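Colleague: Quick one, what's the 3D model for this:
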Amino acid sequence: MSAERQAHVLVVDDDREVRTLLGKFLAQHGFRASVAADGRQMDKALAAGRVDLMVLDVMMPGEDGLSICRRIRRDGALPILMLTASAEETDRIVGLELGADDYMAKPFNPRELVARIRAVLRRSQAAETKTAGRGRFAFEGWTLDAPKRELHRPDGVLVELSGGEFDLLLAFVEHPQRVLTRDMLLDLARGRVASAFDRSIDVQVSRLRRKIEADPADPKLIKTVRTGGYIFTPKVAAREDAP
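Modeller: So this is what the prediction gives:
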């Protein structure tokens, strides 16, 4: 059995029927599946062992999915696929801004959900493999450590990045001072395993700017190109020395 088929997926949804359906369907398709009805049960599941991906419902009583996503992103880069009963594009954008890796609206086809889970896991695994043999990059006092998948500010403080944010920044530092279109960034950062909302690149750029720009409203490091795309303006130095 492949590493992908052995992946542990945690479903967090207050709807018992959805939890039962997804738990059984994921197990039938070779995943190890766990379920949680709310944030407290989710915390227990995460503390009990490694989880490779979380399927997270947005609309839940108490701590909702967006709050949980924000909390998870603050602590690490666990891949998250969000579910919502709302067709509002605003909800999708907010979820992406908080660091979700993919997004599906209810009702959904379980087979499509499994396909998307596998796509997110492939991206995550490919990113880890891709960066394992790379070194460190320095720009404007910042240091991006590819093997460790870490970003450090000029003062040495670690800046938390989601998996998508890290991959996008790595694409920029490996291709500095070049205009990169959205399609090029999707190829470089996501291996072209893109979801239905390719415009999520714009959301990820916005998130990166808030984390590395002195003034995100007037970005100096990641500039928008009117013809379509972005350019990473700093000079980048590759560093192979250990931290």
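Colleague: Provide a list of residues in contact with residue 223.
Modeller: 230-231, 233 (Cβ atoms under 8 Å, 6 or more residues apart in numbering). Any C-beta I mention is one placed from the backbone N, CA and C, and that applies to glycine too.
Colleague: So what's the gap between whichever strand or helix holds it and the chain middle?
Modeller: Residue 223 belongs to strand 222-224 when assigned by DSSP states H and E. Offset of strand 222-224 from its chain centre (Cα atoms, centre = their mean, to the nearest Å): 21 Å.
Colleague: Show me the strands paired with that strand, marking each as parallel or antiparallel.
Modeller: Here strand 222-224 is paired, per DSSP bridges, with strand 230-232 (antiparallel).
Colleague: Contact partners for residue 35?
Modeller: Per Cβ under 8 Å, 6+ apart, neighbours of residue 35: 10-13, 19-20, 22-23.
Colleague: Please report how far the residue nearest to it when sequence neighbours are not counted lies from residue 106.
Modeller: Nearest non-adjacent residue to residue 35, counting by Cβ to Cβ, 6 or more residues apart in numbering: residue 19, 4.2 Å away. Residue 19 sits 13 Å away from residue 106, going by Cβ to Cβ, to the nearest Å.
Colleague: For these two, indicate the residue with more neighbours.
Modeller: Per other Cβ atoms under 10 Å, whichever of residue 19 and residue 106 has more neighbours is residue 19, with 20 against 15.
Colleague: Is that one in a helix, a strand, or coil?
Modeller: helix (DSSP: H, G, I helix; E, B strand; the rest coil).
Colleague: And the next helix or strand past the helix or strand bottoming out on mean pLDDT in the chain?
Modeller: Lowest on mean pLDDT, DSSP states H and E among the helices and strands of the chain sits helix 89-97, with a mean of 70. Following helix 89-97 in sequence order, the next helix or strand is strand 102-105 (DSSP H and E).
Colleague: Name the residues of that following strand that come out as buried.
Modeller: By neighbour count on 16 or more other Cβ atoms under 10 Å, the buried set for strand 102-105 is 102-104.
Colleague: Go through these and name the one nearest residue 41.
Modeller: Ranked by distance to residue 41 (Cβ to Cβ), the buried residues of strand 102-105 are led by residue 104 at 21.3 Å.
Colleague: what are the ranges of the strands in this structure?
Modeller: 8-12, 32-36, 53-57, 80-84, 102-105, 136-139, 142-145, 150-152, 158-159, 179-180, 222-224, 230-232, 237-239 (DSSP state E).
Colleague: Adding distance to residue 211 and mean pLDDT, write those out as CSV.
Modeller: Below are these laid out as CSV (distance: least, Cβ to Cβ, whole Å; pLDDT from 0 to 100):
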stretch, distance to residue 211, mean pLDDT
strand 8-12, 26, 96
strand 32-36, 29, 95
strand 53-57, 22, 95
strand 80-84, 18, 90
strand 102-105, 21, 85
strand 136-139, 14, 93
strand 142-145, 10, 94
strand 150-152, 8, 93
strand 158-159, 6, 92
strand 179-180, 19, 93
strand 222-224, 11, 96
strand 230-232, 14, 96
strand 237-239, 20, 81
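Colleague: Can I get those strands in TSV including distance to residue 189?
Modeller: Listed next are the strands of the chain as TSV, based on distance: least, Cβ to Cβ, whole Å:
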stretch	distance to residue 189
strand 8-12	23
strand 32-36	28
strand 53-57	18
strand 80-84	17
strand 102-105	14
strand 136-139	15
strand 142-145	13
strand 150-152	15
strand 158-159	18
strand 179-180	9
strand 222-224	13
strand 230-232	11
strand 237-239	18
